[in-house]
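Asker: what's the 3D shape of this:
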Amino acid sequence: MNTRVGFYAVVALQLGFLASMGIVKQYERVTGEKVVLEVVPVDPRDFFRGDYVVLGYNLSRLERGPAGLTGAPVDAGQTLFVTLEREAGDRTKVKAAGASLSPPARGTLFLRGRVTTVTDERVGVEYGIEQYFVPERRGREIEVAARERRVTVEVSITAAGDGQVCRLLVDGRTWGK
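Answerer: Modelled structure (predicted):
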């Protein structure tokens, strides 16, 4: 009898752990601050996972120098905190306002990323929001739409700077609906 109770306890703990991972992601998505980012999609295909759109952002290529990224030198693999500034005409849209190797002050809107490339002119950054999975055979549709129309994504950003793509927008309307 004790073996059976122990078995069920272990199974319950494992299921609870798996459920909590999903609940945490959903909580971050619901409670995070929503912003809209301009994208430049590409249409790759993963044999095991299906179609997905690779999303490129202006925030992924930070200029160096007086008008862009200044301060301490950065190397590939380092964590970079990119401060975001809301655009005047549309408060949901944001642009990079600065970057630092240390987190900004509490209450500041920012994305935490990993430096991927460093040149004299630019620093490449990935934020973990560069892929968006789409139904099979629909990835090409987004690539075509990106050439002809305006494609953006709504991203939820937590206080820790973690981003999560909530939805893909084509000409301001949710794609796929």
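Asker: I'd like to know which helix or strand in the protein has the lowest mean pLDDT.
Answerer: strand 45-46 (a mean of 52; mean pLDDT, DSSP states H and E).
Asker: what helices or strands is the very next helix or strand once past that strand leaning on?
Answerer: Remark: after strand 45-46, the chain's next helix or strand is strand 50-56, criterion DSSP states H and E. Helices and strands touching strand 50-56, by 3 or more CB pairs under 8 Å, 6 or more residues apart in numbering; DSSP states H and E, are strand 40-42, strand 45-46, strand 131-133, helix 139-148. Quick note: C-beta positions are derived from backbone N, CA and C, even for glycine.
Asker: what comes up buried for the longest helix belonging to the chain?
Answerer: In the chain, taking DSSP state H as the definition, the longest helix is helix 2-31. Judged by neighbour count using 16 or more other CB atoms under 10 Å, the buried positions of helix 2-31 are E28.
Asker: Now do that helix: which elements does it pack against?
Answerer: strand 151-157, strand 163-170.
Asker: average pLDDT across that helix?
Answerer: Averaged over helix 2-31, pLDDT sits at 78.
Asker: Between strand 163-170 and that helix, find me the angle.
Answerer: Angle of helix 2-31 versus strand 163-170, following axes from the mean of the first three to the mean of the last three CA atoms, to 10 degrees, is 50 degrees.
Asker: Okay, the nearest residue to F133 once chain neighbours are set aside and R64: tell me how far apart.
Answerer: Closest residue to F133 apart from its sequence neighbours, by CB to CB, 6 or more residues apart in numbering: Y52 at 4.5 Å. According to CB to CB, to the nearest Å, Y52 stands 30 Å off from R64.
Asker: where does this protein have low pLDDT?
Answerer: 1, 40-51, 65-72, 146, 176-177 (pLDDT under 70).
Asker: thinking again about what came up before, could you export the helices and strands packed on helix 2-31 to CSV, including columns for distance to T92 and mean neighbour count?
Answerer: Below are the helices and strands packed on helix 2-31 laid out as CSV (distance: least, CB to CB, whole Å; neighbours: other CB atoms under 10 Å):
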stretch, distance to T92, mean neighbour count
strand 151-157, 8, 21
strand 163-170, 10, 19
